[in-house]
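1. mind folding the following:
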Amino acid sequence: MLNKLVGCAFMPHPPIMIPEVGQEEINRITATVEAADKVANTIKEYNPQTVVVLTPHGPVVEDGAVVTIHPRLRGSMADFGCPDVALGFETDGLLVRHIIKKCERLGIHLVELTDDLAKTNRLSLQLDHGAVVPLYYLHKAGFKGQLVHLSMGKLPYEEMYTFGKAVQAAIGMADKRVAVIASGDLSHRLTEDAPAGYSPQGAEFDRQVVQALQNVDVKALLNMDRDLIAQAGECGLRPAFFLMGILGGLDVSAEVLSYEGPFGVGYAVAQFIPANK
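-> Okay, here's the model as predicted:
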């Protein structure tokens with residue numbers, strides 16, 4: 001297993017992280033951009049053949065997670081005024097099948113998003129910005145391998161951890177080097193002009209999640225006050241639980257490379273490298 005999982009990262013996904021979108025605003029999140037570059041270059045050094053990305057902004061189903069079943073995955077920043085910023089990857093169909101099997105075994109409801117299902121339910125097969133922003137940095141670092149695109153849906157936190165364990169087991173079955181990106185922003189309520197309005201709880205939520213990431217401590221996440229979580233206005237807690245499942249039982253070196261929130265949204269970048277690397 002350990003020689004197959006080459007690294008993991010927790011990465012934010014503000015579109016302004018992409019220079020063409022952010023323009024001069026990107027100068028206000030220099031720490032985040034530099035950390036994203038560092039993570040991408042570190043992961044690329046281990047030469048992954050496939051990247052698994054979990055996003056909170058893909059197709060959502062009420063009682064499960066989603067895996068996109070399409071041989072080629074594309075996405076762009078067209079919704080943010082930059083259609084020329086576009087990425088395309090082949091899907092790792094074999095790893096997808098392993099993930100589906102392991103989810104069945106562990107009782108995780110994983111919806112296979114086929115062309116037909118997407119059409120019927122008016123769901124997009126495009127890569128969402130939660131996936132495109134981190135992948136932009138990996139692509140920039142030279143990654144040209146295959147992709148597995150997962151959307152978290154509304155699974156309970158404990159099940160997100162189990163979902164991560166299922167993907168960990170699937171990676172163990174696949175005979176290739178794999179990296180995992182959990183994409184998530186933290187509290188959207190850090191300042192008076194924050195997108196979701198201000199809450200004094202926002203900064204405390206972020207502090208606890210960042211500490212749990214640094215310590216790879218799923219118990220700390222499970223023990224978080226539910227009112228605090230409700231007040232935070234976030235999209236990164238389920239991805240953090242998923243990441244803890246991916247890392248569960250492994251000896252990894254963890255490092256939070258940056259945390260900032262100048263626009264009222266908490267952006268944390270953390271990397272996790274298995275000890276034998």
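
2. shaky segments in this protein?
-> 1-3, 277 (pLDDT under 70).

3. all helices of it, in order?
-> 19-22, 30-45, 93-106, 115-121, 129-140, 157-173, 201-215, 218-222, 226-232, 237-247 (DSSP state H).

4. closest one to residue 83 among those?
-> Between residue 83 and these, the shortest gap by CB to CB is with helix 19-22, which sits at 10.1 Å. (Each C-beta comes from the backbone N, C-alpha and C, glycine too.)

5. and that closest one, what other elements does it pack with?
-> strand 82-90 (3 or more CB pairs under 8 Å, 6 or more residues apart in numbering; DSSP states H and E).

6. by contact count, what packs against the strand it packs on?
-> helix 19-22, strand 72-77, helix 129-140, strand 146-151.

7. can you give me the buried ones in it?
-> 82, 85, 87, 89 (16 or more other CB atoms under 10 Å).

8. what sits opposite the third one in the beta ladder?
-> In other words, residue 87. Bridge pairing for residue 87 (DSSP bridges) gives the partners residue 75.

9. residues in contact with it?
-> Residues counted as contacts of residue 87 (CB atoms under 8 Å, 6 or more residues apart in numbering) are 74, 75, 76, 127, 132, 135, 136, 139.

10. what's around the closest residue to residue 16 other than its chain neighbours, how many residues?
-> Closest residue to residue 16 apart from its sequence neighbours, by CB to CB, 6 or more residues apart in numbering: residue 22 at 3.4 Å. Counted with other CB atoms under 10 Å, the neighbours of residue 22 add up to 18.

11. and the gap between residue 22 and residue 85?
-> Residue 22 sits at a distance of 11 Å from residue 85 (criterion: CB to CB, to the nearest Å).

12. do the same with residue 226
-> Residue 226 is 38 Å from residue 85, by CB to CB.

13. over to residue 198?
-> 31 Å.

14. which residue sits closest to residue 70, ignoring its sequence neighbours?
-> Going by CB to CB, 6+ apart, residue 70 has residue 125 as its nearest residue, at 5.3 Å.

15. contacting residues for the residue nearest to residue 84 when sequence neighbours are not counted?
-> Distance criterion CB to CB, 6+ apart; nearest residue to residue 84, sequence neighbours excluded, is residue 20 at 7.3 Å. By CB under 8 Å, 6+ apart, the contact list for residue 20 reads 77, 82, 84, 85.
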